[in-house]
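Enquirer: Here's a sequence, model it:
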Amino acid sequence: MADEEKKGKEKATGKETDKLILDACDAYGIAWQHVYASAIDPVTGEAVIVTFGGKKVRFKKGQQVEKLPEIAITGVNPEAKKKKPITGPAKK
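Expert: Sure, this is the predicted structure:
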């Protein structure tokens, strides 16, 4: 059992894991600056990504996925109504 865990940890490091995480970001449409945390699950070999919008996604190589909405990636709603400025040159 301990040998399997060591193999899993060795397998989950290096350039292949970085490539899998970058492939997952491309598949879901996530820019790298919006990634809060990322890792490779040593048991399943899936890339796990958490965005600043609070969305947690899993990705296996070759998997077909839908792009995430912008609010799930950034945490900012792009369709939110902008506030009326109280002061400054924008006030009319």
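Enquirer: The longest helix along the chain: what's the following helix or strand?
Expert: When the chain is parsed with DSSP state H, its longest helix is helix 15-28. Per DSSP states H and E, helix 15-28 leads on to strand 35-40 as the next helix or strand towards the C-terminus.
Enquirer: Let's see that following strand as PDB, backbone CA atoms only.
Expert: Backbone C-alpha positions of strand 35-40 (Å, rounded to 0.1, in the frame of the first residue of the first chain) are rendered in PDB as follows:
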ATOM      1  CA  VAL A  35      -6.700  29.800 -10.800                       C
ATOM      2  CA  TYR A  36      -6.800  29.800  -7.000                       C
ATOM      3  CA  ALA A  37      -5.300  26.300  -6.600                       C
ATOM      4  CA  SER A  38      -4.600  23.300  -8.700                       C
ATOM      5  CA  ALA A  39      -3.400  19.800  -8.100                       C
ATOM      6  CA  ILE A  40      -3.300  16.300  -9.600                       C
END
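Enquirer: by how many degrees do whatever helix or strand comes next after it and strand 35-40 diverge?
Expert: Sequence order places strand 47-51 as the next helix or strand after strand 35-40, per DSSP H and E. Angle of strand 47-51 versus strand 35-40, following axes from the mean of the first three to the mean of the last three C-alpha atoms, to 10 degrees, is 170 degrees.
Enquirer: Show me what counts as buried in strand 47-51.
Expert: Within strand 47-51, the residues scored as buried using 16 or more other C-beta atoms under 10 Å are Ala47, Val48, Ile49, Thr51. No exception for glycine: its C-beta is placed from N, CA and C like everyone else's.
Enquirer: which neighbours does that strand have in its sheet, and in what orientation?
Expert: Sheet pairing for strand 47-51, assigned by DSSP bridges, gives strand 35-40 (antiparallel), strand 56-59 (antiparallel).
Enquirer: Which residues does that strand contact?
Expert: 17, 20-21, 23-25, 28, 30, 34-41, 56-60, 68, 72-75 (C-beta atoms under 8 Å, 6 or more residues apart in numbering).
Enquirer: if we go to 10 Å?
Expert: Strand 47-51 is contacted by residues 17-25, 27-28, 30-31, 34-41, 55-61, 63, 68, 72-75 when judged by C-beta atoms under 10 Å, 6 or more residues apart in numbering.
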